[in-house]
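> Got a sequence here, can you build the structure:
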Amino acid sequence: MKLLLISNSTNYKESYLGWCMPLIQEFLGSKKRKIAFLPYAMVRSDETIETSYTAATNKVKKCFNDFGLAADIVSVHEVANPVQLVNEADAIMVSGGNTFHLVHEIHRNKLIEPVRRKVMEGTPYFGWSAGSNVACPTLKTTNDMPIIMPESFQCFDLVPFQINPHYIDPAPQSVNDTLAHAGESRQERIEEFLRVNPEVTVVGLREATALWVENDRITLREYEKNPFNKKREMIVLKRNCEPREIKPGSTFDFAMNLL
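Numbers count the residues shown, from 1 in each chain. Model prediction:
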């Protein structure tokens with residue numbers, strides 16, 4: 001099994017997929033691959049669903065072309081039989097966007113088992129944001145609004161833990177800052193999840209980081225540049241345990257034990 005699970009597609013003032021294209025190139029290698037693309041998370045208010053999918057597909061194709069990465073990218077919405085496309089693909093790519101809509105369409109098109117089987121057989125899988133979240137057992141640790149009700153919250157179950165993409169730490173607040181966020185922090189939200197799902201481990205992926213998974217070995221990768229000196233450690237949250245952080249470059253197993 002080979003996975004690249006990316007937290008985010010875009011950094012501040014940088015191009016779409018700009019920071020992670022070197023990682024994607026390293027992940028896919030030099031061989032030209034037929035990539036089955038799942039754009040189902042892309043829902044834009046100024047476009048129909050189909051045109052949103054097409055725009056997302058064209059945007060990703062342009063990124064690959066601009067970076068000089070050879071690939072035959074075919075979106076599942078462009079074919080009559082998405083399952084057949086997945087079965088014939090050399091790699092599977094899933095975009096970010098709204099996770100609920102993504103999972104709704106994955107179930108509607110009967111893609112859970114075909115994708116899972118292909119990846120377990122060795123087909124590389126990569127995605128960002130929602131595309132990383134659906135590599136988990138369920139979508140329950142997404143940050144997205146439930147704009148549609150999927151048939152099930154079940155996802156591809158490629159890793160045995162949950163990912164929270166775009167993990168952010170609480171912003172420092174001044175007593176004089178009347179506009180400061182007064183709601184729960186991301187950690188508090190995840191702790192609510194763990195209270196109801198005590199057996200699950202959640203990892204928070206900060207921006208410009210990714211999980212590189214080969215079989216049962218995981219390495220936390222990060223953006224080579226860090227212009228804003230942002231924290232890149234991955235946070236591990238478990239019920240009745242103190243939060244733990246893992247540094248970029250570390251290799252660990254599915255139980256989050258360092259190797």
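
> so what secondary structure elements neighbour the longest helix seen in the chain?
In the chain, with assignment by DSSP state H, the single longest helix is helix 49-67. Identification of packing neighbours for helix 49-67 by 3 or more C-beta pairs under 8 Å, 6 or more residues apart in numbering; DSSP states H and E yields helix 21-28, strand 71-75. C-beta here means a position set from N, CA and C on the backbone, and glycine is covered the same way.

> Give me the below-cutoff pLDDT ranges for this structure.
Residues of the chain meeting the criterion pLDDT under 70: 171-182, 226-229.

> where's the residue nearest the centre of it, which helix or strand?
When C-alpha atoms, centre = their mean is applied to the chain, the residue found nearest the centroid is S132 (1.9 Å). Assigned by DSSP states H and E, S132 belongs to helix 130-133.

> Phi, psi for M93 please.
When read as degrees, to the nearest 10, the backbone of M93 gives phi -130, psi 130.

> What's the local residue count around the closest residue to I168 other than its chain neighbours?
Closest residue to I168 apart from its sequence neighbours, by C-beta to C-beta, 6 or more residues apart in numbering: R186 at 5.5 Å. R186: 17 surrounding residues under other C-beta atoms under 10 Å.

> Could you pull up the residues touching R186?
143, 164, 167-170, 204 (C-beta atoms under 8 Å, 6 or more residues apart in numbering).

> let's see it at 10 Å
Contact partners of R186, counting by C-beta atoms under 10 Å, 6 or more residues apart in numbering, are 143, 164, 166-170, 204, 235, 237.

> that older thread, other SSEs contacting the helix holding S132?
strand 2-6, strand 33-38, strand 91-94, helix 99-108, strand 125-128, strand 162-164 (3 or more C-beta pairs under 10 Å, 6 or more residues apart in numbering; DSSP states H and E).
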